[in-house]
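In: Show me the folded form of this:
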Amino acid sequence: MSLASWFRWNEPPSRISQRNPAEMVVETLMMELSWQLKQAEKQQRERENEYRKIKTGVDYGWLVSYPKQSYDISPGERLQLEDMCTKIHPSYCGPVILRFRQLIAEYEPEVQEVSRLFRSVLQEVAEKIKEEEEAKKLARQWNTKNKTSLSLTTFKSRSRISPFISDIKTISEDVERGTQPTRRVWSMPEFRNAKDY
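Out: The predicted structure is shown next:
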């Protein structure tokens, strides 16, 4: 019996469970929301304790036991936020979390305001994704229009400019004949269709 069978280091590493990237984005963003809710609740308790300590002058914090998490968002709101999270592309998951953390640090919201702040970040990123998709769509349309217009320029046009054909009238001919020139400027070349040749 060999020792290699006892150790699993020579086996190929087991793959992470194959999950849909959209599910992973939803799970990651919702975990971030719940963590921020816990942090906001903790900060709110600390502010209340500081206020009580200043108001009464006595610290009873060592006597108080707090529930692990007393605030949670409603199931309907949770479902709406999860639905919004499904619209976020996996490449935007990190920027969403960073922006959310930045706003949390900037505003220091109350616990009840955290989910609204999270919703605003999701809406902001969803609009950005939509704008980028529209810009890509316009770029694709522009590229296809440019390809077709360039292909049309390779064909010869049917109208030709013929400046040296003998039946072109000039101003000098009119002066020699002593007639009044017509309103058309005769020094301009005449355009003719290919059928005329």
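In: does the nearest residue to Lys87 once chain neighbours are set aside count as helix, strand or coil?
Out: Excluding the flanking residues, the one nearest Lys87 by CB to CB, 6 or more residues apart in numbering is Ala126, at 5.2 Å. In this view, the C-beta of every residue, glycine as well, is placed from N, C-alpha and C. Assigned by DSSP: H, G, I helix; E, B strand; the rest coil, the conformation of Ala126 is helix.
In: wait, isn't Ala126 in contact with Cys85?
Out: No. When contacts are counted by CB atoms under 8 Å, Ala126 is not listed as touching Cys85 (9.8 Å).
In: ok, the two, which is more surrounded?
Out: When Ala126 and Cys85 are compared for neighbours, Cys85 comes out ahead with 23 against 17, by other CB atoms under 10 Å.
In: which residues touch the more buried one?
Out: Neighbouring residues of Cys85 by CB atoms under 8 Å, 6 or more residues apart in numbering: Val25, Val26, Leu29, Met30, Leu122.
In: okay, now the first one: neighbour count?
Out: If I follow you right, that is Val25. Other residues near Val25 come to 20 when the count uses other CB under 10 Å.
In: Isn't it up against Gly94?
Out: No. Between Val25 and Gly94 there is no contact under CB under 8 Å: 10.2 Å.
In: And the helix or strand containing Arg45, what's buried?
Out: According to DSSP states H and E, Arg45 maps onto helix 21-56. Neighbour-count burial for helix 21-56 flags Val25, Val26, Thr28, Leu29, Glu32, Leu33, Gln36, Leu37, Ala40, Glu41, Gln44 (criterion: 16 or more other CB atoms under 10 Å).
In: Among the residues you listed, which one sits closest to Glu131?
Out: Glu131 has its nearest neighbour among those in Val25, at 19.4 Å by CB to CB.
In: could I get the buried residues of helix 21-56 as a markdown table with pLDDT and distance to Gln18?
Out: Conversion of those to a markdown table gives the following (pLDDT from 0 to 100; distance: CB to CB, whole Å):
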| residue | pLDDT | distance to Gln18 |
| --- | --- | --- |
| Val25 | 95 | 15 |
| Val26 | 96 | 16 |
| Thr28 | 96 | 16 |
| Leu29 | 97 | 20 |
| Glu32 | 97 | 23 |
| Leu33 | 96 | 25 |
| Gln36 | 96 | 29 |
| Leu37 | 94 | 30 |
| Ala40 | 93 | 35 |
| Glu41 | 91 | 35 |
| Gln44 | 89 | 40 |
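In: Cool, thanks, talk later.
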